[in-house]
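In: Would you be able to build a 3D model of this:
(one chain, ligands or ions: 1)
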Amino acid sequence: MKNNSLNKVSQNEVKKNEARRKRIAIFASGNGSNLQAILDYSLKNDINGDVVFVFSNNPDAYALIRAKNANVKNFCLDLKNFSSRQLYDMEILKIVKSENIDLICLAGYMLILSSDFINEYQYKILNIHPSLLPSFKGTHGIKDAFEYGVKVTGVTVHFVDNELDHGPIILQEPVKINDEDSLEQLEEKIHKVEHKIYPLAVKYFCKDELKIIGRKVIINERG
Ligand code: GRF
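Out: Have a look, this model is predicted:
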């Protein structure tokens, strides 16, 4: 009897956690078109989460204007005012924790998070990368693929771990490179796919539909 009621309590606890809407933070250093895509999608669809916070390391990031336009709390910290990356990241961590953030989405965030930060938010940080990982890691994924001459590249959304562009992969979608495509045309195609799959991955996370088994991420859509 005692065991049964204990079981009920913990089952209710699980249900409560699942039902709680996730508080999403987006980190962006530049244009913020992925931030916009997630914002728009979250307003039009039931993703069980809300973008409540935008952070940038770049005071001139257009992402900050997008956040202001959407009435989302936004914050910028200049690395120049900190004596080390460690201290900088710890300050961001403090803010993120005080905002009760459940999920951090890196969307063109150009700084590598310190491992202390990543460990605090293990499996709660997502990143989007403009290539089919593990090919073409790094800052110039689109250009590198284009110049390499591959016929197919694409987009990857993955969990962030302590290696660059490496954590377990949630979604990937290929993009064909045609002979006549310019780099600019390829960039456009890639961004279009990014704006489609990043919001989806965010939704899966917020609805607790992702299960990580080693390097594999299983998506368990409940509709
Ligand atoms: C995207 O191509 C993303 O894949 C990469 O940085 C770019 C950010 O673009 N990580 P935006 O700032 O979201 O427009």
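In: where do the strands sit along the protein?
Out: Taking DSSP state E, the strands of the chain run over residues 22-27, 49-56, 73-76, 103-106, 125-129, 152-159, 169-176, 210-213, 216-219.
In: Other residues contacting stretch 28-38?
Out: 24, 26, 51, 54-58, 61-64, 66-67, 105-111, 128, 191, 194-196, 198-199, 202 (C-beta atoms under 8 Å, 6 or more residues apart in numbering). C-beta: built from backbone N, CA, C; applies to glycine.
In: List the buried residues for that stretch?
Out: Ala28, Ser29, Gly30, Gly32, Ser33, Asn34, Leu35, Gln36, Ala37, Ile38 (16 or more other C-beta atoms under 10 Å).
In: before we move on, what about stretch 127-139?
Out: Buried residues in stretch 127-139 (16+ other C-beta under 10 Å): Asn127, Ile128, His129, Pro130, Ser131, Leu132, Leu133, Ser135, Phe136, Lys137.
In: wouldn't Arg222 be in contact with Glu209 here?
Out: Yes: if you go by C-beta atoms under 8 Å, Arg222 and Glu209 touch, sitting 6.2 Å apart.
In: Looking at these two, which is more packed in?
Out: Ranked by neighbour count (other C-beta atoms under 10 Å), Arg222 and Glu209 place Glu209 first, with 16 against 8.
In: Now for the chain: which helix has the highest residue count?
Out: helix 183-206 (DSSP state H).
In: quick one: it to strand 125-129, angle?
Out: With axes from the mean of the first three to the mean of the last three C-alpha atoms, to 10 degrees defining the directions, helix 183-206 sits at 160 degrees from strand 125-129.
In: Touching helix 183-206 from outside, list them.
Out: The contact list for helix 183-206, computed with C-beta under 8 Å, 6+ apart, reads 21-22, 24, 33-34, 36-38, 40-42, 45, 47-49, 102-103, 105, 107, 126, 128, 130, 142-143, 145-146, 153-155, 157, 170-171, 173, 175, 177, 181, 209-210, 219, 221.
In: Is that helix in proximity to the ligand?
Out: Yes: using C-beta under 6 Å from any ligand atom, we find that helix 183-206 touches the ligand at Glu194.
In: quick one: buried residues of that helix?
Out: By neighbour count on 16+ other C-beta under 10 Å, the buried set for helix 183-206 is 186, 189-191, 193-195, 197-206.
In: for stretch 65-72, same thing?
Out: So, applying 16+ other C-beta under 10 Å, buried residues of stretch 65-72: Arg66, Ala67, Ala70, Val72.
In: Return only those of those residues found close to the ligand.
Out: Applying C-beta under 6 Å from any ligand atom to these, none is adjacent to the ligand.
In: In helices, which of those residues fall?
Out: Filtering these for helices - DSSP H - leaves Arg66, Ala67.
In: Now flag whichever of the buried residues of stretch 65-72 is closest to the ligand.
Out: Closest approach to the ligand among the buried residues of stretch 65-72 (C-beta to the nearest ligand atom): Arg66, at 9.4 Å.
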